[in-house]
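J.: Any chance you could fold what I've pasted below:
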Amino acid sequence: MPSTIILLTQTKMKTIPQLAHVHRAEDRQKRAKQSELTDFVYREVYVNQTCLVEALMVSEDKDLLDAGISYEGVVNLYHPQVGDNCSKYRDNVTLSDEDDCCSLCGQSLEDPQEVYEWWLVSEYLEKKLEEQGEPILKTEYGSWWGRTCSGQVIMLDTVIEDIYQSLNK
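T.: Coordinates of the predicted model:
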């Protein structure tokens, strides 16, 4: 009986370093991907300008309105085609004629998306975010992404991760 215990202990001791090596390699890969995603965000997302954009949006200055700075100028302010929870299944969704809502989740598509933050972004990211149905304010002064979530780093936004992943395909 004691020899069995020693044998099992020796077998486990051989596998623990091997498993630790695998976990360290996986951790390095995750850290490398996270670092690349962080670099992507720092390169494509310039600055939070929520206070500025909100102040400009409520202004009735004719020059600002002519420059496209108004809620009417926001692309994708209203839900494009499907509900928030169904955006990944966009091709399989139809709209209900009676209610103007998503056939998968029932979300009303007549209500505007709630924008919590406005971020000045690169032209590349602006186009990708627009394709994903995110609110975008395009003006002669630049393009702002209307971020519809808040309270976490941008790298954790699903839309950002999806756009970054599409780069590597």
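J.: which residues in the protein form helices?
T.: Here the chain has its helices, by DSSP state H, at 2-44, 50-58, 62-66, 123-131, 158-167.
J.: could I get those helices as CSV with mean neighbour count?
T.: Glycine gets a C-beta too; all of them are placed from N, C-alpha and C. Shown next, in CSV, are the helices of the chain (neighbours: other Cβ atoms under 10 Å):
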stretch, mean neighbour count
helix 2-44, 11
helix 50-58, 14
helix 62-66, 12
helix 123-131, 17
helix 158-167, 15
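J.: which of those has the lowest average pLDDT?
T.: Ranked by mean pLDDT, the helices of the chain end with helix 2-44 at the bottom, a mean of 71.
J.: I'd like the helices of the chain written out as JSON lines, with distance to Ser150 added.
T.: Shown next, in JSON lines, are the helices of the chain (distance: least, Cβ to Cβ, whole Å):
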{"stretch": "helix 2-44", "distance to Ser150": "15"}
{"stretch": "helix 50-58", "distance to Ser150": "9"}
{"stretch": "helix 62-66", "distance to Ser150": "25"}
{"stretch": "helix 123-131", "distance to Ser150": "16"}
{"stretch": "helix 158-167", "distance to Ser150": "14"}
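J.: Select, out of these, the one closest to Val75.
T.: Val75 lies closest, by Cβ to Cβ, to one member of the helices of the chain: helix 123-131, at 5.8 Å.
J.: helices or strands next to that closest one in the packing?
T.: strand 136-139, strand 142-147, helix 158-167 (3 or more Cβ pairs under 8 Å, 6 or more residues apart in numbering; DSSP states H and E).
J.: Ends of stretch 132-146, what's the gap?
T.: Stretch 132-146 has an end-to-end distance of 12 Å (criterion: Cα to Cα, to the nearest Å).
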